[in-house]
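[1] curious how this folds, go ahead:
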Amino acid sequence: MNFFKPKFWDKNTISFFSIFLFPLSLMVKLFFFLKIKILKNKKFNIPIICVGNIYLGGTGKTPLCIEIFSILKNLGKNPAFIKKYYKFLKDESSLQNKVGPLYENKKRSQALKKAIEDKINVAILDDGFQDLSIKKDLSIVCFNEAQSIGNGMTIPSGPLRESLSGLKRASCAVINGNKNVNLENRILEMNPLTKIFYSEYVPTNIEEFANKNIICFAGIGNPINFFNLLKKNKLNLLEEISFPDHHNFSNIELENLFKKAKKNDAILLTTEKDYLRIDENNRKCINFLKIKIIIKNKNAFIEEIKKVI
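    Residues are numbered from 1 along each chain as shown. Presented below is the predicted three-dimensional model:
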């Protein structure tokens with residue numbers, strides 16, 4: 001699925017396009033309202049930690065899931081990732097498969113059943129916040145401080161997968177980036193009991209790219225955040241190239257990137273997600289940034305996890 005996020009989604013003011021699309025947004029809200037009224041959630045006999053979002057894409061769910069997996073292993077648990085199967089999300093699956101067991105199915109409940117059969121004793125439900133058929137023991141909603149809630153409207157008028165009232169189901173919120181009091185207030189307006197944490201991305205191989213000319217490219221939810229991270233670490237960026245989210249790179253696109261790099265005596269640098277979507281024959285000419293997510297006040301975050309396991 002190739003998807004470029006519309007620019008008007010992240011404007012502070014309501015644009016003409018948002019107003020024009022508003023009837024469709026009302027239909028999305030109505031659909032979700034009916035889901036809440038009709039669906040009955042099922043309780044499974046292992047703890048389920050859900051990591052999701054309300055803002056569509058680019059909020060840091062995958063690295064947070066991986067960090068939670070590490071926390072659970074250190075607590076002596078046998079966790080696994082649970083995902084709904086999407087053919088176009090192989091990059092996220094590949095990342096998690098490198099860390100631990102991953103169960104995928106078109107129905108998350110079936111993936112959960114298989115994990116339980118295999119003696120998994122804690123499930124990390126990746127991107128299941130809007131799946132109301134499963135009862136969660138801990139629901140964590142991810143935000144990016146830079147994009148926050150965009151224009152605050154639901155798709156297609158804005159970037160929200162459901163209205164902000166959905167935050168009433170959230171136990172915790174993890175905001176990646178700098179402190180954002182306005183975002184904190186919006187979260188707490190919906191649920192005063194939500195525990196708010198902050199996180200940041202820390203590159204672990206940044207020294208490999210120092211003093212080099214770099215052409216960077218990314219096909220993720222918010223490429224600008226990747227480019228800004230590189231700038232923050234004072235890398236010499238000659239060009240920043242954005243592709244749609246979950247983009248599958250063609251041979252022609254890669255060849256053009258190789259030509260640019262050769263012409264400018266530069267290296268190519270991308271995200272690990274993008275790197276995993278590139279065929280192996282072309283990977284040898286491309287570098288990727290390794291990152292680790294750091295949760296501030298991590299001990300308090302671990303205590304929230306301990307409460308449910």
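
[2] what backbone torsions are found at Leu26?
    Here is the backbone geometry of Leu26 (degrees, to the nearest 10): phi -60, psi -40.

[3] next: Ile214.
    phi -130, psi 130.

[4] ok, it touching Asn264?
    No: using Cβ atoms under 8 Å, Ile214 makes no contact with Asn264, being 9.4 Å away. From N, CA and C alone the C-beta is placed, and that goes for glycine too.

[5] of those two, who's got more company?
    Counted by other Cβ atoms under 10 Å, Ile214 and Asn264 do not tie: Ile214 has more neighbours, with 19 against 13.

[6] so in that sheet, which strands flank the longest strand along the chain, and in what orientation?
    Secondary structure assigned by DSSP state E gives strand 195-203 as the longest strand of the chain. Strand 195-203 has the following sheet partners, assigned by DSSP bridges: strand 172-176 (parallel), strand 291-295 (antiparallel).

[7] can you list these in a markdown table and add distance to Ile124, mean neighbour count and mean pLDDT?
    Shown next, in a markdown table, are the strands paired with strand 195-203 (distance: least, Cβ to Cβ, whole Å; neighbours: other Cβ atoms under 10 Å; pLDDT from 0 to 100):
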| stretch | distance to Ile124 | mean neighbour count | mean pLDDT |
| --- | --- | --- | --- |
| strand 172-176 | 14 | 24 | 98 |
| strand 291-295 | 14 | 17 | 96 |
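
[8] mind putting those strands in a markdown table, distance to Leu26 included?
    Output for these, formatted as a markdown table (distance: least, Cβ to Cβ, whole Å):
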| stretch | distance to Leu26 |
| --- | --- |
| strand 172-176 | 26 |
| strand 291-295 | 36 |
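
[9] count the neighbours of the residue lying closest to Lys43 once chain neighbours are set aside for me.
    Excluding the flanking residues, the one nearest Lys43 by Cβ to Cβ, 6 or more residues apart in numbering is Lys135, at 4.5 Å. Lys135: 12 surrounding residues under other Cβ under 10 Å.
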